[in-house]
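A.B. asks: give the three-dimensional model of this entry:
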Amino acid sequence: MSSNTVAQFASELKMPANVLLEQLRSAGVELKSVDDAVTDSDKAKLLDSLRRAHGAAAEGKKITLTRRQTSEIRQADATGRSRTIQVEVRKKRVFVKRDPAELAAEAAAAAQEAATAEPAGEQAAAAPAPAASATPAAASPAPATPAS
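C.D. replies: Reported below is the predicted structural model:
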């Protein structure tokens, strides 16, 4: 286990010891001065804190795929000569890896929405049927015929 002081670690990183001490404190490492010992776990905490601060933690969750497809099209111009045109199609797809907790919450919400939508659909289908039978066709007034 390598344990050296904040000042020695700062010289390895080629940065001022006071700046490193401040970064360690912001990462949650309790150190008082540049002469205090820095353990491997302290270094790991600092590294995790810096990765979160710079956004590298979420970088592993996205995969970007780019695809180029080239083809040739023969097009006749106004004079009747055919020309060959190079066509390049570029497609870019970004896939985001979602955490299992988010997927479970979304599935539960979708199931709940489907369960609440189903009884409402049954009530809506049942409601027009009595209304249609309540008004018989004979009771409706006859259409007026125009007098000529």
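A.B. asks: what's the domain layout of this structure?
C.D. replies: 4-57, 61-96, 100-124 (automatic domain parsing).
A.B. asks: so how far is D48 from V29?
C.D. replies: Look at V29 and D48: by C-beta to C-beta, to the nearest Å, they are 11 Å apart. Every residue, glycine included, has its C-beta placed from N, CA and C.
A.B. asks: between these two, which is the more surrounded one?
C.D. replies: V29 (20 against 13; other C-beta atoms under 10 Å).
A.B. asks: check the secondary structure at A111 for me.
C.D. replies: Here A111 takes the helix state, with states given by DSSP: H, G, I helix; E, B strand; the rest coil.
A.B. asks: can you check the pLDDT for the closest residue to V96 other than its chain neighbours?
C.D. replies: Excluding the flanking residues, the one nearest V96 by C-beta to C-beta, 6 or more residues apart in numbering is K62, at 5.4 Å. Predicted confidence (pLDDT) for K62: 83.
A.B. asks: P16 too?
C.D. replies: Value for P16, per-residue pLDDT: 92.
A.B. asks: surely it touches F9?
C.D. replies: No: contact criterion C-beta atoms under 8 Å: P16 and F9 do not qualify, at 11.7 Å.
A.B. asks: neighbour-wise, which of these two wins?
C.D. replies: Per other C-beta under 10 Å, whichever of P16 and F9 has more neighbours is F9, with 22 against 13.
A.B. asks: make sure the more buried one is indeed in a helix.
C.D. replies: Yes: F9 sits within a helix when classified using three-state DSSP.
A.B. asks: distance of it relative to Q75?
C.D. replies: As judged by C-beta to C-beta, F9 and Q75 stand 66 Å apart.
A.B. asks: how about A108?
C.D. replies: 54 Å.
A.B. asks: before we move on, what about Q8?
C.D. replies: For Q8 relative to Q75 (C-beta to C-beta), the value is 70 Å.
A.B. asks: more neighbours, the two?
C.D. replies: More neighbours surround Q8 than the other of Q8 and Q75, with 16 against 10 (other C-beta under 10 Å).
A.B. asks: list phi and psi for the residue sitting nearest the centre point of the chain.
C.D. replies: The residue lying closest to the centre of the chain (C-alpha atoms, centre = their mean) is V96, at 5.8 Å. Note on V96: backbone dihedrals following degrees, to the nearest 10 are phi -110, psi 120.
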